[in-house]
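A.B. asks: whatever this is, show me its structure:
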Amino acid sequence: MNETFIRTRVADGVGEVQLDRPGALNALDQSMIRDMHSALLQWRDDPAITAVLVTSLSDRAFCAGGDVKPVREAVLADDMGTVREYDANEYRLDELVATDPKPYLARSAGVTFGGGVGISVHGAVRVATEKAVFAMPETALGFVPDVGSSHFLPRLRGTTARCDAVGMYLGLTGARVTAGDALAVGLATHHVPSARIGEFADRVRAGHWQEALDEFVEPGPASHLADRFTDIEWVFGDGTVLDSLGRL
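C.D. replies: Have a look, this model is predicted:
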């Protein structure tokens, strides 16, 4: 039997996807992308499913992104068909999240990078604990920020004259941001303290996701990124990448 890293369950009208690959910080391999896509597609038109919850069984990570190692091996073997298939399947999963007609709730605690952002930020409700850390680190690997980031990065909150400056900063630098920062710019929508996140998830699983938000959401941590919005806008808010480098 093939090992699976995606666990699913349905109860009280809630379909839950649990990421369970702790040794790799839930990095998405091809099987995880396939199994999660299959579950979401099955629940999409099921009238018995009223909401979708995506969680991690690891305390260290929600999802560290796509599993880079097999993709790198395929590139070195000049097997670009495998690379294109992986990327296409991952992006189809992100599209499915973005177009899910049901309330889609992602619970982020710990590492939420790249592909992990892809399966959370496109959902309607993105709950983060104070331990969540977000980043789009693809540029450090010589790749473009992907998973639909050309849509969500320019639409982040946090600047006045140019709305895309923060997104440009995060995309070009791969900077890691805290839960407070994620809330300030819109990568996350709600904060629930880690001490209560288990109760929150149980309330959602019982079919009461809106009540769970009303009961458990608290003001988020302070954002140090917000203190730098003026500088970020000045450096990244206009012109080309070379212009930004010059201002740096």
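
A.B. asks: now the element after the helix ranked longest in the chain, going C-ward?
C.D. replies: Longest helix of the chain, by residue count under DSSP state H: helix 80-98. Following helix 80-98 in sequence order, the next helix or strand is strand 104-108 (DSSP states H and E).

A.B. asks: quick one: residue 9 and residue 204, what's the gap?
C.D. replies: 12 Å (CB to CB, to the nearest Å). (Each C-beta comes from the backbone N, C-alpha and C, glycine too.)

A.B. asks: same question, residue 180
C.D. replies: 23 Å.

A.B. asks: now swap in residue 248 and tell me
C.D. replies: 43 Å.

A.B. asks: same question for residue 52.
C.D. replies: Distance of residue 52 to residue 204, given as CB to CB: 10 Å.

A.B. asks: for residue 235, same thing?
C.D. replies: Counting by CB to CB - residue 235 and residue 204 are separated by 40 Å.

A.B. asks: all helices of the protein, in order?
C.D. replies: With DSSP H as the criterion, the chain has helices at 30-44, 68-76, 80-98, 115-121, 149-152, 165-173, 179-185, 197-205, 209-216, 229-236, 241-247.

A.B. asks: of residue 235 and residue 204, which one has the most company?
C.D. replies: With neighbours defined as other CB atoms under 10 Å, residue 235 and residue 204 compare such that residue 204 has more, 27 against 20.

A.B. asks: residues touching the more buried one, list them.
C.D. replies: With contacts defined as CB atoms under 8 Å, 6 or more residues apart in numbering, residue 204 is in contact with 14, 51, 53, 105, 212.

A.B. asks: what is the nearest of those residues to residue 25?
C.D. replies: residue 53 (19.9 Å; CB to CB).

A.B. asks: residues in contact with the closest one?
C.D. replies: Contacts for residue 53 (CB under 8 Å, 6+ apart) come out as 14-17, 105, 107, 201, 204-205, 209.

A.B. asks: ok, now how distant is residue 84 from residue 149?
C.D. replies: For residue 84, the distance to residue 149 equals 19 Å [CB to CB].

A.B. asks: of the two, which one has the most company?
C.D. replies: residue 149 (20 against 11).

A.B. asks: thought the more buried one was touching residue 168?
C.D. replies: No: using CB atoms under 8 Å, residue 149 is not in contact with residue 168; the gap is 10.8 Å.

A.B. asks: tell me how many other residues surround the nearest residue to residue 222 once chain neighbours are set aside.
C.D. replies: Sequence neighbours aside, residue 180 is the residue nearest to residue 222 in space, at 5.3 Å (criterion: CB to CB, 6 or more residues apart in numbering). Look at residue 180: counted by other CB under 10 Å, it has 21 neighbours.

A.B. asks: then residue 3?
C.D. replies: By other CB under 10 Å, the residues close to residue 3 number 7.

A.B. asks: now do residue 11, the pLDDT please.
C.D. replies: If you check residue 11, the pLDDT there is 96.
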